[in-house]
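Engineer: Sharing a sequence plus its predicted fold:
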Amino acid sequence: MKTSFDEIRKIAFRALDSAGAPAGIDDDGGWACAWLEAAGYPGLQMLAQFFDDDGGPDAFGGVESIAGGEIAAGGRSAITLAALIVEYASMRTEPVTVRQLAHAPFLIAHAARLAEHGTNLIVDPVREAICDVTIRHAGDGYAKQRTRTHEAISEGLDVDKDAFERVYAYSRRILVPQSETSLLSGAGAGLTDND
């Protein structure tokens, strides 16, 4: 099915928000999910799996430990930890090893934001096979990927319909049924559809 970058970002944000994600994690996770889809990764499928398997309030804790160049994620998801891990790795000169991280490709979206600084991560995942994530200064490969991502964003994204509908169903939990009382208390759109 075809949809837009912003539609994916919004439903992913709402789904994370409805699951109890702290402020910032919901926004970062929604953006990362859409970025992954634009870059050709199954962001929606991973997010749907996160909700199916882990998605309650307990899923939003931090890492088990950080000691120098090693992070123990304890099986938690990169959907909730990626921004922290990538920022930490980007401040260090030696590689950072992350142990037992689920949904590791979510690191890629956050690392791409910091590509000009360079990020070097070695990931020991619990669910999918991704080993070394190294994003360096923009070169030919990065420039091509960036062009592909921007084209997908401007032209619309082809996404897995089942994964989209699963995440959409989770995003609807944050909505309240329309009634006179709910409208008077501020529910619903504002003056424009973008409010």
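Structural biologist: Sure, I can see it.

Engineer: show me where this structure has helices.
Structural biologist: Here the chain has its helices, by DSSP state H, at 5-18, 25-38, 43-53, 78-90, 106-113, 140-155, 161-171, 180-184.

Engineer: Lowest average confidence across these, which one?
Structural biologist: The minimum mean pLDDT among the helices of the chain belongs to helix 180-184 (a mean of 58).

Engineer: sorry, back to before: mind checking which of the helices of the chain is nearest Glu64?
Structural biologist: Taking Cβ to Cβ, helix 78-90 is the member of the helices of the chain nearest to Glu64, at 10.6 Å. Yep, even glycine has a C-beta here, placed from its N, CA and C like the rest.

Engineer: Packing partners of that closest one?
Structural biologist: Counting contacts by 3 or more Cβ pairs under 8 Å, 6 or more residues apart in numbering; DSSP states H and E, helix 78-90 packs against helix 25-38, helix 43-53, strand 96-101, helix 106-113, strand 119-125.

Engineer: picking that back up, in CSV: the helices of the chain, plus mean neighbour count and distance to Ala72.
Structural biologist: Listed next are these as CSV, based on neighbours: other Cβ atoms under 10 Å; distance: least, Cβ to Cβ, whole Å:
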stretch, mean neighbour count, distance to Ala72
helix 5-18, 21, 23
helix 25-38, 25, 19
helix 43-53, 23, 19
helix 78-90, 24, 11
helix 106-113, 24, 15
helix 140-155, 13, 30
helix 161-171, 18, 28
helix 180-184, 10, 44
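
Engineer: of all those helices, which lies closest to Ile71?
Structural biologist: helix 78-90 (6.1 Å).

Engineer: okay, the angle between that closest one and strand 96-101?
Structural biologist: Counting by axes from the mean of the first three to the mean of the last three Cα atoms, to 10 degrees, helix 78-90 lies at 170 degrees to strand 96-101.

Engineer: need the helices of the chain in TSV with distance to Gly62, can you?
Structural biologist: Output for these, formatted as TSV (distance: least, Cβ to Cβ, whole Å):
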stretch	distance to Gly62
helix 5-18	16
helix 25-38	11
helix 43-53	16
helix 78-90	7
helix 106-113	16
helix 140-155	29
helix 161-171	22
helix 180-184	35
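
Engineer: Tell me which residues touch Ser18, please.
Structural biologist: Residues in contact with Ser18 (Cβ atoms under 8 Å, 6 or more residues apart in numbering) are 170-174.

Engineer: Looking at the residues you listed, which one is closest to Glu94?
Structural biologist: So of the contacts of Ser18, ranked by how close each gets to Glu94 (Cβ to Cβ), first place is Tyr170, at 38.2 Å.

Engineer: Hmm, Gln49 and that closest one touching each other?
Structural biologist: No. Taking contacts as Cβ atoms under 8 Å, Tyr170 lies outside contact range of Gln49: 11.4 Å.
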